[in-house]
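S.K.: Show me the folded form of this:
(one chain, ligands or ions: 1)
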Amino acid sequence: MSRLSDANVSIAKEIIGRYPRPKSALIPLLHLAQEQHGWVSNESMSHIAELVGVTPAEVYGTASFYEMFKFHPVGRYCIDVCTNISCQLLGAWELLEHAERRLGVRAGSTTDDGMFTLEDVECIAACTEAPAIEVNYRYRYRVTPDDFDALIDKLTAGRLGDEVPRFGTLARVRQRTTDRWSGAGTTAQAEVDAR
Ligand code: FES
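M.R.: Okay, here's the model as predicted:
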């Protein structure tokens, strides 16, 4: 798995420039790496380390604290089914079993076509809306097996492209260079779409 692309190195340098200390940019750079590859490889962590002047171990130490960063290939859509107590009482186990049957994989696995990774997770802080699931960290509440099937149908058909970001990033952050603000073509603007 490769390092950051040339285009993403340019973006990374602009992101780093927004912070008083380069290593403060670690989290957005990890998101950038995950956007590029779908997961955070050792090579991309080493590259980020070079860019911000820390060791690869420090990059991994930061990244591994956060569940949303993946260190192995995952499907285009990570579907997390909460099976903690509130969700469990309202049918989460049945929902998970249904999801396993529908996708043809056990929890912790990825479908052969690389579309879906199914995960059995602990409380995702949506207990009042149980049973709850996430798809690439976008919530779905009070999910029934029929709701799950409808979700999979839409994702497979590509009908949720505007709602569900690729590769499990927590927020959809678009980074771009624009001369709109500086007139010099060097100012980066982050557009954060927190849907
Ligand atoms: S128990 Fe499922 S969201 Fe809290």
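S.K.: shaky segments in this structure?
M.R.: 1, 167-195 (pLDDT under 70).
S.K.: just the helices in it please.
M.R.: 6-16, 26-37, 42-52, 56-63, 85-89, 92-103, 145-156 (DSSP state H).
S.K.: from these, which stretch is densest packed?
M.R.: helix 26-37 (a mean of 22; mean count of other CB atoms under 10 Å). For the C-beta atoms, the positions are set from N, CA and C on the backbone; glycine is no exception.
S.K.: Output the contacting helices and strands for that helix.
M.R.: helix 6-16, helix 42-52, helix 56-63, strand 172-178 (3 or more CB pairs under 8 Å, 6 or more residues apart in numbering; DSSP states H and E).
S.K.: And the second one, what does it pack against?
M.R.: Identification of packing neighbours for helix 42-52 by 3+ CB pairs under 8 Å, 6+ apart yields helix 6-16, helix 26-37, helix 56-63.
S.K.: can you list the residues that contact that helix?
M.R.: 1-4, 9, 12-13, 16, 22-23, 25-26, 29-30, 33, 36-37, 55-56, 58-60, 63 (CB atoms under 8 Å, 6 or more residues apart in numbering).
S.K.: Just want the angle from that helix to helix 6-16.
M.R.: If you take axes from the mean of the first three to the mean of the last three CA atoms, to 10 degrees, helix 42-52 sits at 40 degrees to helix 6-16.
S.K.: Just the CA atoms of helix 42-52, as CSV, please.
M.R.: The C-alpha coordinates for helix 42-52 follow below in CSV (Å, rounded to 0.1, in the frame of the first residue of the first chain):
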residue,chain,number,x,y,z
ASN,A,42,2.0,1.4,7.8
GLU,A,43,3.4,3.2,4.8
SER,A,44,1.0,6.0,5.1
MET,A,45,1.6,6.4,8.8
SER,A,46,5.4,6.5,8.1
HIS,A,47,4.8,9.2,5.5
ILE,A,48,2.6,11.2,7.9
ALA,A,49,5.4,10.9,10.5
GLU,A,50,7.9,12.3,8.0
LEU,A,51,5.5,15.2,7.2
VAL,A,52,5.0,16.3,10.8
